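J.: What follows is a predicted structure for the sequence shown.
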Amino acid sequence: MDDLTSTAGAVAVAAAVVALIALVLALVQWRALRRVRQAQTQVLGDYGTQDLISHAAHLHHEFEALHAFITDAAARLDRRLDVAEERLDGAVTRVGLLRYDAYNEMSGRQSTSIALLDDRQCGVVLSSIHHRDQARLYAKQVVSGQGELQLSPEEEEAIRLARSSTPQPAPEPAPPGEDPAAP
């Protein structure tokens, strides 16, 4: 016990206490580091062996690749949409139908002229002229609302009706798995 009361003994006891405190602090820090590594593994997943900076650089690279893919896909969709819109410009959207009695007979309005036009007012006018013992069908091309051949008054009226008609919307597509022909 005499050794502990001496200066060297007191310094040894103080050093032992400081060493014990350092050991306790090291254990506390070790547990805290272990919790941080577990949290890092949860955040980083399979990249748990990397540090956060490497993981952030990897994520940045992946996001740039994803951005490039999405930009390319959007450009391809824009081109496809442009082609589809161009094709739709030539679709029949205006229809004009006129029934009449071509020979002023008492047989009723059996003759028909129908104009089928797109948004540029181009298309065709079809006339079916019915008589008691015969029927004739005429087709004339229409460009910018005007017939390329001489049009009858009934055909001009069918074109006028088509030009003034509201464009017909496309039918709604049937939901997946549903038969569009079913009532």
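T.: Great, that's in hand.
J.: Next, find the distance separating the residue nearest the centre of the chain from I70.
T.: The residue lying closest to the centre of the chain (Cα atoms, centre = their mean) is L77, at 8.1 Å. Using Cβ to Cβ, to the nearest Å, L77 is found at 10 Å from I70. Using the backbone N, CA and C atoms, a C-beta is placed for each residue, glycine as well.
J.: who are the neighbours of the helix or strand of the chain with the lowest mean pLDDT, in terms of helices and strands?
T.: Within the chain, no helix or strand scores below helix 2-5, which has a mean of 68 by mean pLDDT, DSSP states H and E. With contacts defined as 3 or more Cβ pairs under 8 Å, 6 or more residues apart in numbering; DSSP states H and E, helix 2-5 has these neighbours: helix 7-44.
J.: Show me what secondary structure element comes after the helix it packs on.
T.: Next along the chain after helix 7-44, taking DSSP states H and E as the criterion, comes helix 52-89.
J.: For that following helix, buried residues please.
T.: Using 16 or more other Cβ atoms under 10 Å as the test for burial, helix 52-89 gives H55.
J.: what distance separates it from the middle of the whole chain?
T.: Chain-centre distance of helix 52-89: 12 Å, with Cα atoms, centre = their mean, to the nearest Å.
J.: What helices and strands are in contact with it?
T.: Against helix 52-89 (3+ Cβ pairs under 8 Å, 6+ apart) you get helix 7-44.
J.: other SSEs contacting the helix it packs on?
T.: Helices and strands touching helix 7-44, by 3+ Cβ pairs under 8 Å, 6+ apart, are helix 2-5, helix 52-89.
J.: Break the protein down into its structural domains.
T.: 1-47, 94-164 (automatic domain parsing).
J.: Of the ones you listed, which stretch is the most buried?
T.: Per-stretch averages of neighbours, counted by mean count of other Cβ atoms under 10 Å, single out domain 94-164 among the domains of the chain, with a mean of 16.
J.: Show me what H130 is bridged to.
T.: Beta bridges link H130 to A135, judged by DSSP bridges.
J.: Much appreciated, bye for now.
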